[in-house]
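A.B. asks: Sequence first, predicted model second:
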Amino acid sequence: MSDSLEYDKLTETFSFRIPEITKHKLDKLPPHFKKTLTHELLRTIARVLHDAEFDPTVYLKTDL
């Protein structure tokens, strides 16, 4: 992991479906790659949440 990412304790579970072959390969990953995967998934989730809340009118229109 090239950049550090601080976040709260991971207490919740979210699941999604993946192909069986992918699951088998994930199960075989060494711990440092599993940590990298977790880091990248958290960054991706944060990016999608950020994009979902984006409102271009905030930057394009003055409220009166």
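C.D. replies: That came in fine, so what should we check first?
A.B. asks: Could you tell me how many residues sit around T38?
C.D. replies: Around T38 there are 13 other residues, counting by other C-beta atoms under 10 Å. For glycine as for every other residue, the C-beta is placed from the backbone atoms N, C-alpha and C.
A.B. asks: Where does it sit: helix, strand or coil?
C.D. replies: For T38, the assignment made with DSSP: H, G, I helix; E, B strand; the rest coil gives helix.
A.B. asks: Make 14 the starting number, not 1.
C.D. replies: Right, with 14 as the first residue, what we last looked at is T51.
A.B. asks: and it, how far is that from D68?
C.D. replies: 30 Å (C-beta to C-beta, to the nearest Å).
A.B. asks: show me where this protein has helices.
C.D. replies: 33-40, 44-66, 70-73 (DSSP state H).
A.B. asks: hey, which helix or strand in the protein has the poorest pLDDT?
C.D. replies: Scoring the helices and strands of the chain by mean pLDDT, DSSP states H and E places helix 70-73 at the bottom, with a mean of 90.
A.B. asks: Export only the CA atoms of it, formatted as CSV.
C.D. replies: What follows is helix 70-73, C-alpha atoms only, in CSV (Å, rounded to 0.1, in the frame of the first residue of the first chain):
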residue,chain,number,x,y,z
THR,A,70,-25.0,22.9,-8.9
VAL,A,71,-23.0,23.6,-5.7
TYR,A,72,-20.3,24.9,-8.0
LEU,A,73,-22.4,26.3,-10.9
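A.B. asks: Any idea how far it is from the middle of the chain?
C.D. replies: Centroid separation between helix 70-73 and its chain, computed with C-alpha atoms, centre = their mean, to the nearest Å, is 26 Å.
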